[in-house]
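>>> Make a model of this:
(one chain, ligands or ions: 1)
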Amino acid sequence: MKITDIKTHVLSTPLDEPFAFSQGWVMKRGTMIVELITDEGITGWGEALCHGLQPPEIAETIVQVALKPILLGQDPFDVDVLWERMYNLTRPFGQKGAVLNAIASVDIAIWDCLGRALGKPVHKLLGGAYRTEIQPYATGFYRVEGKPYPADAIEEAKRHMKNGFTAMKLKVGFGVENDIDYILGVREGIGHGPKLMVDANHAYNVGSARRILKAIEPASIHWFEEPISPEDIDGYRELKNLTNIYLAAGENEFSKIGFREWISRRAVDILQPDLCSAGGFTECRKISALAQAWHMTLIPHVWASGIGLAASLQFLATIPPAPLALNPVEPMLEYDQSSHPFRQDLIFGAITMQEGKVQIPTAPGLGVEINRDVIERYKQHR
Ligand code: CA
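As a prediction, this is how the structure comes out:
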């Protein structure tokens, strides 16, 4: 089999109701989709993570200008060799950020292609599934203009609970005192039943983060995500073990080389690589192996459209609990519940939560079909 073409699709659409996180206002949802075509008529799909404030056109340009020339004419079954070649040839201007997002997107498309060629879901190609379904947690709780907080967040939490969620993650990073009152207020408003996590999107330094960590201990917070900048690994080491709240980070780290530092220095309790950002299946399975070797928990970050969501479920199936046990600590699916006009439509609504669980897709490749009408509807032509 040979790769004969790689098409890229930048999808973007303004949000009816813009929302804020600690780094700014999200006005539109966008993503970059890869369509990888082979001489055997098999097409694979991939996606590059597009953060709320990230232009998807950067990853598209990298795929078209830097990666496509490396991949055309190559056998997709040489996926590991192709990954290392892409990383090596982009090293002087890459290693992290949009270059790794772009490598991730084509790597996911290659694995989708392999699965479709063999008639197996990607998790079978990676060694099988440790689980066939997974507990999702709701990501949401963005701030909207003019809403009262924490009252509106308590209402949102109750809506997620009604939909079957038993875990959810609050967006914080809006000021030390504001966050403390908000977190304690939401916990009081919803009771101690649901698992609660908080995510500051690296809005603080060590001192501010420490004050919040100590003050929110009575609210039984499961993990504190990205309290401080991802460059400050020593800062994470200072914060870890200060309280019994797990420390989590990883969505702004890339490749096995990047994660090597976090893992070998035991900087966090929970590692959160994003499949569509850190390097795709080829690299994230290696990050997963490193995490296992250091007995660390890996719970991937997910903030993608349906393609990235399906791919992340394939990856989630393959993550071994560290350690294995009769009732091991299982990973969870980050299930974005914030406004996204094409997240589900792009895959014909194939991924849903039922009775508090999300099933791992078992059809070939990523396990979902792609709605080309949705691509045409949201595609930005340049
Ligand atoms: Ca996050």
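>>> Report the contact partners of the spatially most central residue of the chain.
With distances taken as CA atoms, centre = their mean, the residue of the chain nearest its centroid is residue 302 (2.2 Å). Residues in contact with residue 302, defined by CB atoms under 8 Å, 6 or more residues apart in numbering, are 274-275, 308-309, 312, 333-336. Every C-beta, even on glycine, is put in place using the N, C-alpha and C of the backbone.
>>> Show me those residues that map onto strands.
Of the positions in the contacts of residue 302, 333-336 sit in strands, assigned by DSSP state E.
>>> Of the residues you listed - the most surrounded one?
Counting by other CB atoms under 10 Å, residue 334 has the largest number of neighbours within those, with 26 neighbours.
>>> how near is the closest residue to that one other than its chain neighbours to residue 337?
Excluding the flanking residues, the one nearest residue 334 by CB to CB, 6 or more residues apart in numbering is residue 302, at 4.2 Å. Residue 302 is 12 Å from residue 337, where distance means CB to CB, to the nearest Å.
>>> Ok, residue 130 next?
Distance, residue 130 to residue 337, by CB to CB: 25 Å.
>>> before we move on, what about residue 244?
From residue 244 to residue 337 the distance is 27 Å (CB to CB).
>>> Compare those two (neighbour count), which wins?
residue 337 (21 against 9).
>>> so the more buried one sits right up against residue 140, yeah?
Yes. Counting by CB atoms under 8 Å, residue 337 touches residue 140, with 4.2 Å between them.
>>> what residues are up against residue 25?
Contacts here follow CB under 8 Å, 6+ apart; on that basis residue 25 touches 18-19.
>>> And for the one 4 residues further on?
Contact criterion CB under 8 Å, 6+ apart gives 12-13, 15, 50, 339-343 as the residues in contact with residue 29.
>>> Go through those and say which is closest to residue 326.
When the contacts of residue 29 are ranked by distance to residue 326 (CB to CB), residue 343 comes first, at 35.6 Å.
>>> which residue packs closest to the closest one, ignoring adjacent ones?
By the measure of CB to CB, 6+ apart, the closest residue to residue 343 outside its immediate chain neighbours is residue 305, 4.9 Å from it.
>>> who touches that neighbour in this structure?
Shown in contact with residue 305 (CB under 8 Å, 6+ apart): 11, 31, 33, 47, 340, 342-343, 346-347.
>>> and it, how far is that from residue 8?
According to CB to CB, residue 305 stands 14 Å off from residue 8.
>>> Next SSE downstream of the helix of greatest length in the chain?
The longest helix of the chain (DSSP state H) is helix 97-118. Using DSSP states H and E, the helix or strand that follows helix 97-118 in sequence is helix 122-125.
>>> List the contacts of that next one.
Identification of contacts with helix 122-125 by CB under 8 Å, 6+ apart yields 111-112, 114-115, 118, 129, 281, 311, 314-315, 317-318, 360, 365-367.
>>> Tell me how far that helix lies from the chain's centre.
19 Å (CA atoms, centre = their mean, to the nearest Å).
>>> What would that helix look like as CSV? C-alpha coordinates only.
The C-alpha coordinates for helix 122-125 follow below in CSV (Å, rounded to 0.1, in the frame of the first residue of the first chain):
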residue,chain,number,x,y,z
VAL,A,122,-7.0,0.6,16.0
HIS,A,123,-7.0,-0.8,19.6
LYS,A,124,-6.6,-4.3,18.2
LEU,A,125,-3.6,-3.3,16.2
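>>> Could you pull up the mean pLDDT of that helix?
Here helix 122-125 scores 98 as its mean pLDDT.
>>> Can you name the element that comes right after that helix?
That would be, after helix 122-125 and using DSSP H and E, strand 133-134.
>>> mind listing what that following strand pairs with, with the direction of each?
Strand 133-134 pairs in its sheet with strand 357-359 (antiparallel), by DSSP bridges.
>>> What residues of the strand it pairs with count as buried?
Neighbour counts over strand 357-359 (16 or more other CB atoms under 10 Å) mark residue 358 as buried.
>>> Show me what that strand is in contact with.
In contact with strand 357-359 (CB under 8 Å, 6+ apart) are residues 132-136, 313, 333, 335, 351-352.
>>> let's see 6 Å
Contact with strand 357-359 is made by 133-134, 136, 333, as judged by CB atoms under 6 Å, 6 or more residues apart in numbering.
>>> picking up where we left off before, buried subset of the contacts of helix 122-125?
111-112, 114-115, 129, 281, 311, 314-315, 317-318, 360, 365-367.
>>> Secondary structure element for residue 343, which one?
Counting by DSSP H and E, residue 343 is found in no helix or strand.
>>> and it, how far is that from residue 307?
Taking CB to CB, one finds residue 343 at 10 Å from residue 307.
>>> Next: residue 238.
38 Å.
>>> Of the two, give the one with the bigger neighbour count.
Neighbours per residue (other CB under 10 Å) separate residue 238 from residue 307, with residue 307 holding more: 25 against 15.
>>> hey, where'd the strands end up in the stretch 1-150 of the chain?
Ranges of strands within the stretch 1-150 of the chain are 3-21, 24-38, 43-48, 133-134, 136-139, based on DSSP state E, counting those that start in this stretch.
>>> Among these, which comes closest to residue 258?
Smallest distance to residue 258 across the strands of the stretch 1-150 of the chain (CB to CB): 16.6 Å, for strand 43-48.
>>> Now do the closest one and strand 24-38, the angle between them.
160 degrees (axes from the mean of the first three to the mean of the last three CA atoms, to 10 degrees).
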